[in-house]
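Visitor: Attaching a predicted model along with its sequence, questions to come.
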Amino acid sequence: MILVTGGAGYIGSHTCLELLEAGHEVLVLDNLSNASPEGLRRVERLTGKKVELVEGDLRDGAALERLFGSRRIEAVLHFAGLKSVGESVEQPLRYYDNNVAGTVKLLEAMGRHGVKRLVFSSSATVYGDPSRVPVTEDMPLSAANPYGRTKLIIEDMCREVFRADPSWRIALLRYFNPVGAHASGEIGEDPQGVPNNLMPFALQVAVGRRPVLNVFGGDWPTADGTGVRDYIHVVDLAKGHVAALAKLDALGGCVPLNLGTGRGVSVLELVAGLSRAVGRPVPHQVVARRAGDVASVFADPTRAAQLLGWRAELGLDAMCADSWRWQSQNPNGYAR
Ligand code: NAD
Ligand code: UD1
């Protein structure tokens, strides 16, 4: 069976669904600090298959010991972590403890039990402000905030674990900007409080929970002056994990892989796409730039295509239509 840490969350729950559809048995470890168990119940309904949810924390060595001691775990998909950039600046130690110390505990337990196959949720944030786009995996890495640094440290840790014991197989999946939801509209992203990211904020404006979307900067050196990112449909991303798992042994080491579409989309293009999906304009206004932002980041996804035989298939219209289906059918998310 596959252990999915953080499997009750946004990307994890979509990945559990794709794993089940691909015939894997799935065990989730999640402390539910940023998720509701309802998402996994819906995954079970959609697939007609069981997902075992163990409510527990990555940093609880005894809980990990019980998990690894009592099941035959083939590989770990490691999503569990805190992910808010602003919060990480205010509470850095909480991020180092949860993300870095939690991963140390996980890798220790894996090593002790001879489970040396890992797929880790990294992020395009490890490229900092890239010197050119599209971004390739060999470009220099840097961290602009504590959240980003936890990803860099964990990547470094994985590289060193592999160097010390080359029998490990590790994929470091660098996600670009995940958006969208399962086509059923039954599972999706359910942010707590004010969303930081563009799509969840725009969706809450579209559904009437907030009056207007602030577009951070209209004077970036991009075609329409707004920031450009590589939005990737979460179902494509989830399938990327199933592909990484299938190819993990063949990858033969500790390998970073960009998971993106390769296509840059501006804030205004995304707002236009969402307005088409909703059937009316999403109210927005251009305001000052957000501190720490960069003009344009998008992936070169060639390596993932070559090594995993995977590429993103869903475009902006599907991302917007599926996001809107989830948001309009669940205006208050899972209503935790
Ligand atoms: P999410 O918050 O929805 O999912 C993370 C899950 O981990 C949650 O269910 C949370 O309850 C759980 N969790 C957190 N700390 C834990 C701990 N100590 N023990 C057990 N469970 C714990 O976030 P997501 O968007 O699904 O992101 C998943 C992963 O992908 C994260 O590691 C994130 O940093 C990374 N990532 C996300 C994005 C994005 O834009 N969503 C982009 C790049 C990378
Ligand atoms: C953010 C995180 C990054 C993380 C990534 C993926 C920051 C500084 N960085 O980056 O670490 O890996 O998400 O989830 O938070 N925008 C608006 N109005 C909004 C929100 C965003 O105009 O209300 C714009 C931004 O200026 C940017 C684009 O939309 O141009 C995307 O923003 P966002 O969704 O926050 O993602 P990133 O900036 O790529």
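Guide: Yes, it's here. The structure presented is a predicted model; accordingly, all values stated were derived computationally and were not measured. Numbering: from 1, shown residues only. Ligands and ions are numbered 1, 2, ... in the order given.

Visitor: I'd like to know how far Gly292 sits from Arg132.
Guide: Distance of Gly292 to Arg132, computed by C-beta to C-beta, to the nearest Å: 20 Å. C-beta here means a position set from N, CA and C on the backbone, and glycine is covered the same way.

Visitor: repeat for Leu152
Guide: Distance of Leu152 to Arg132, computed by C-beta to C-beta: 20 Å.

Visitor: and these two? which has more neighbours close in?
Guide: Leu152 (17 against 9; other C-beta atoms under 10 Å).

Visitor: If you count neighbours, what's buried in the strand or helix carrying that one?
Guide: In this structure, Leu152 sits in helix 146-164 according to DSSP states H and E. Going by neighbour count (16 or more other C-beta atoms under 10 Å), the buried part of helix 146-164 is 146-155, 157-159, 161-162.

Visitor: Just the CA atoms of it, as CSV, please.
Guide: Below are the C-alpha coordinates for helix 146-164, written out as CSV (Å, rounded to 0.1, in the frame of the first residue of the first chain):
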residue,chain,number,x,y,z
PRO,A,146,10.9,30.6,5.5
TYR,A,147,8.3,28.5,3.7
GLY,A,148,10.5,28.3,0.6
ARG,A,149,13.5,27.6,2.8
THR,A,150,11.8,24.6,4.3
LYS,A,151,11.3,23.2,0.8
LEU,A,152,14.9,23.8,-0.1
ILE,A,153,16.2,22.2,3.2
ILE,A,154,14.0,19.2,2.6
GLU,A,155,15.3,18.8,-0.9
ASP,A,156,18.8,19.1,0.3
MET,A,157,18.1,16.6,3.0
CYS,A,158,16.8,14.1,0.5
ARG,A,159,19.8,14.6,-1.8
GLU,A,160,22.1,13.9,1.2
VAL,A,161,20.0,10.8,2.4
PHE,A,162,20.4,9.4,-1.2
ARG,A,163,24.2,10.2,-1.2
ALA,A,164,24.6,8.3,2.1
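
Visitor: Those residues of the stretch 201-336 of the chain touching ligand 1, which are they?
Guide: Counting by C-beta under 6 Å from any ligand atom, no position of the stretch 201-336 of the chain is adjacent to ligand 1.

Visitor: Low-confidence regions, the stretch 201-336 of the chain specifically.
Guide: For the stretch 201-336 of the chain, the stretches with pLDDT under 70 are 336.

Visitor: can you map out the strands along it?
Guide: For the stretch 201-336 of the chain, the strands defined by DSSP state E, counting those that start in this stretch cover 213-216, 228-229, 231-233, 254-259, 265-266, 284-287.

Visitor: Which other helices and strands does the first one contact?
Guide: Applying 3 or more C-beta pairs under 8 Å, 6 or more residues apart in numbering; DSSP states H and E, one finds that strand 213-216 contacts helix 198-206, helix 267-278, strand 284-287.

Visitor: so what strands line up beside it?
Guide: Next to strand 213-216 in the sheet, as set by DSSP bridges, lie strand 284-287 (parallel).

Visitor: The strand it pairs with near ligand 2 at all?
Guide: No - judged by C-beta under 6 Å from any ligand atom, strand 284-287 and ligand 2 are separated, with a smallest distance of 8.2 Å.

Visitor: Pull the residues that contact that strand.
Guide: With contact meaning C-beta atoms under 8 Å, 6 or more residues apart in numbering, strand 284-287 is reached by Ala202, Val205, Val212, Leu213, Asn214, Val215, Phe216, Gly217, Gly218, Thr226, Val271.

Visitor: Could you list the buried residues of it?
Guide: Buried residues in strand 284-287, counted by 16+ other C-beta under 10 Å: His284.

Visitor: what do you get for stretch 64-71?
Guide: Leu64, Leu67, Phe68, Arg71.
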